[in-house]
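Engineer: Next come a sequence and a model predicted from it.
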Amino acid sequence: MNTFIKRVYIVYVLLIILTIRIMWRIIFLQYFADIKISDTDISFRQEEIEATRGSVLAMDGRPLSASVPYFQIRMDCVVPIDTLFNNNIDALSRELSLFYKDKGAAEYKRELVTARKEGKRYKTVGSRLVDYSEMLQIRKFPIFKEGVNRGGIITEQRNRRNNPYGRLAYRTIGFLNNEGVGVGIEKSYDYYLKGIPGRQTVQRMLGGEWVPVIGEEIILPNDGMDVQTTLSIEIQEAAENALREQLSKSDVFEGATVIVMEVKTGAIRAIANMKKGEGGTFDESYNYAVAHATEPGSTFKLATLVALLEDGFVTLDTRVDAGNGKWAYSTTNFTDVRAGGYGNISVLEAFEKSSNVAFAKLAVEHYANNEKSYVNRIMNMKINERFNLDLPGEARAAIYMPGDPMWSRLSLPMMSIGYFSLLTPLHTLTFYNAIANNGKMMKPYFVENLQKNGVIVKEFGPQEVSGSVCSKKTIEQVHRALRGVVEHGTAKPLDNPNYKISGKTGTAQIAFDGRYKDAYGNKKHQASFAGFFPSDNPEYSAIVVLYTNKTSGNFYGGAWAAPVFKLVADKIYSTSPHWTEPIKAEEREEYPEVLAGAGSSVRAVLPRLKTSFRSVAQGEWLRRDSTGKALVSYEAVPNDSVPDVTNMGLKDALYLLENRGFRVQFKGKGRVTLQNPAPGAYLPLNGVIDLQLSEFYVVK
């Protein structure tokens, strides 16, 4: 008994020692051991499946930026049976060589045969990715046409970002690279666009390639949402084309912008930005509209006029002495463009002619003893509002206050004519849009909604910034003044008999290196025009700003920016039929043409139509005969021959052709006017037929 107990104790002690060693080993490996596992030691791993990035859409749903699928072609060289591989490898190699044009057929054959001998199941084929139509073409090649399980073809999808309209609105649409660096909507809405990637288990093969493990659970990706913008493709094109045309007329310009806003909502319908590159060409590489705050120049006189009218200091008929066009105040001479000046003029005329002298005098006369009241009035108009836009890079506006270290005796008159303040073109436009909108300021916005599979998930939309920037009485007066600029003032070339434009020209010198001109007297200019149309019931507001390099010449808003505004407005007018009186068409009875289609459908609707057919056949498919007086049956053709579907609607043509085992590709809309192969031609099963659709019909 004692011996038995002793043995039990020995076993017990040994188990304890073993347990302690195991525990120590676990602790050591987890906390102290420096074990390096190379990739070659791993046979399985989890791999992400890329989610398809959502599209950026125009206001009508057309894609401005979308992920286009491309495909990497690979081959599981072990899958094809020997007879299939050996009998078709030469033909496959020739097709690949002709398609990729990167190496000869013999080299393709040698690579594929070697890969098969080495048991490679993930052999890359071809030197580039292919698009969807090319992928379909490759899947028809010998061996590959047998599919994945018999032919060994593997198609891996890779998505690439594509802009169908090229560089249109490129800075606003933006981009996002693999490091997360980006701009525009692609950057600011990345959270919604990118989607959620899936996961799958992959296995390392003999050649080192990683291949999905069949039978393992796959977590499918959740594709990204689509972002529908407020942008109109047609208005955007008009803005960019007009801007490029004007910029091509002089070498002095370094950049420009055009913004078009919908008056009632604040929706941005176009935003064009052009910056000159090293080669002298202009491109959408910098967002002047949102990110570039400068002294606005004479477009700011509208705010000064509103302040003077709101405070009751003037009416449009109040007289002001603009003198000989020169006025010395403090350390600066205020000058007007017109030699000899404008003399004694009304406030309305001063605004129409954009007199610096008149507006600087009015500001000093009425606000010199209470400068803060002028600035407060400007601030109450929300002209320097921060919008928290959909786009990154929004610059801050700056309206300086008395008491600021930069404020001086000269600040008040300078601010009244558009200096000593900083505004982006979008800030200026938003203020003008508020004037057009009877005083109601709307927040500018670029995105209408987020969509998933065509269903709206989240809507954005109009947001009011302020109740009213001024009284109704002042609105009526400044509307008259802005219309006067076009009828009688600095923007007279914009006046036209078709529709009315209201607005204000602006010209400013741009400070650089802390001064307004260099040692040689060269200056940088900013020429602008801001306004709205039609004047009587404004639908759109817009601003055009052009920036020059250093030059000895003068560049005025009326001469350079206003013509761009008119080109854009004309385009919108020409495509807006509700602005013009409709042409009344002659009333007459019309009946639909009956040309060809399914017999049962044609016979069902004919009794409801007034037609002149003398006879209607009982066939399954009918067409109109050469006389136009009878509907006859189609001639029967063998199943491997192409039937005649000309003059049929697409629905009937697809039914007839696909039921015969043919595949159909079509372009256009309306009836079938052209088919290839021609009627009666031989076509094997799964053969492709191209159809051209048109609103016309083929006379037979």
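Structural biologist: On my side now, so go ahead. Residues are numbered from 1 along each chain as shown.
Engineer: what mean pLDDT does stretch 656-673 have?
Structural biologist: Averaged across stretch 656-673, pLDDT comes to 76.
Engineer: try stretch 559-574
Structural biologist: Mean predicted confidence for stretch 559-574 is 94.
Engineer: Report the buried residues of that stretch.
Structural biologist: 560-573 (16 or more other Cβ atoms under 10 Å). All C-beta spots, glycine's among them, are computed from the backbone N, C-alpha and C.
Engineer: Out of these, which is nearest to residue 292?
Structural biologist: Nearest to residue 292, judged by Cβ to Cβ, of these is residue 561 at 14.9 Å.
Engineer: For that closest one, give its distance to residue 543.
Structural biologist: Using Cβ to Cβ, to the nearest Å, residue 561 is found at 8 Å from residue 543.
Engineer: who touches both of the two?
Structural biologist: Residues touching both residue 561 and residue 543 (Cβ atoms under 8 Å, 6 or more residues apart in numbering): 528-529.
Engineer: what secondary structure does residue 68 sit in?
Structural biologist: Each residue gets one of three states, and residue 68 gets strand by DSSP: H, G, I helix; E, B strand; the rest coil.
Engineer: Correction: the previous question concerned residue 102.
Structural biologist: Residue 102 is classified as coil under three-state DSSP.
Engineer: Chain neighbours aside, what residue packs nearest to it?
Structural biologist: residue 127 (4.3 Å; Cβ to Cβ, 6 or more residues apart in numbering).
Engineer: re earlier: looking at the buried residues of stretch 559-574, which are in helices?
Structural biologist: Among those, DSSP state H puts 560, 562-573 in helices.
Engineer: would you turn those into a markdown table with distance to residue 112?
Structural biologist: As requested, those are arranged in a markdown table below (distance: Cβ to Cβ, whole Å):
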| residue | distance to residue 112 |
| --- | --- |
| 560 | 64 |
| 562 | 67 |
| 563 | 63 |
| 564 | 59 |
| 565 | 63 |
| 566 | 64 |
| 567 | 59 |
| 568 | 58 |
| 569 | 63 |
| 570 | 61 |
| 571 | 56 |
| 572 | 59 |
| 573 | 63 |
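Engineer: Please identify which of those is nearest to residue 665.
Structural biologist: Out of those, the member with the shortest distance to residue 665 (by Cβ to Cβ) is residue 571, at 34.6 Å.
Engineer: Surely that closest one is in contact with residue 236?
Structural biologist: No. Using Cβ atoms under 8 Å, residue 571 makes no contact with residue 236, being 10.5 Å away.
Engineer: In three-state terms, label residue 72 for me.
Structural biologist: Put simply, residue 72 is strand when judged by three-state DSSP.
Engineer: who does it bridge with?
Structural biologist: residue 156 (DSSP bridges).
Engineer: who touches it in this structure?
Structural biologist: 124, 129, 155-156, 158.
Engineer: Kindly recompute the last result at 10 Å.
Structural biologist: 124-126, 128-130, 135, 154-158 (Cβ atoms under 10 Å, 6 or more residues apart in numbering).
Engineer: quick one: it and residue 136, what's the gap?
Structural biologist: For residue 72 relative to residue 136 (Cβ to Cβ), the value is 15 Å.
Engineer: Could you list the low-confidence segments of this protein?
Structural biologist: 1-2, 28-42, 205-211, 214-216, 519, 552, 579-637, 639, 655, 695-700 (pLDDT under 70).
Engineer: longest single helix anywhere in it?
Structural biologist: Max-length helix for the chain by DSSP H is helix 2-31.
Engineer: The nearest residue to residue 163 once chain neighbours are set aside: neighbour count?
Structural biologist: Nearest residue to residue 163, sequence neighbours excluded (Cβ to Cβ, 6+ apart): residue 65, at 5.2 Å. By other Cβ atoms under 10 Å, the residues close to residue 65 number 25.
Engineer: Outline the domain layout of the protein.
Structural biologist: The record's domain split for the chain, according to automatic domain parsing, is 47-229, 234-578, 596-694.
Engineer: which one of the ones you listed is the most hemmed in?
Structural biologist: Highest mean neighbour count of the domains of the chain: domain 234-578, a mean of 19 (counted as mean count of other Cβ atoms under 10 Å).
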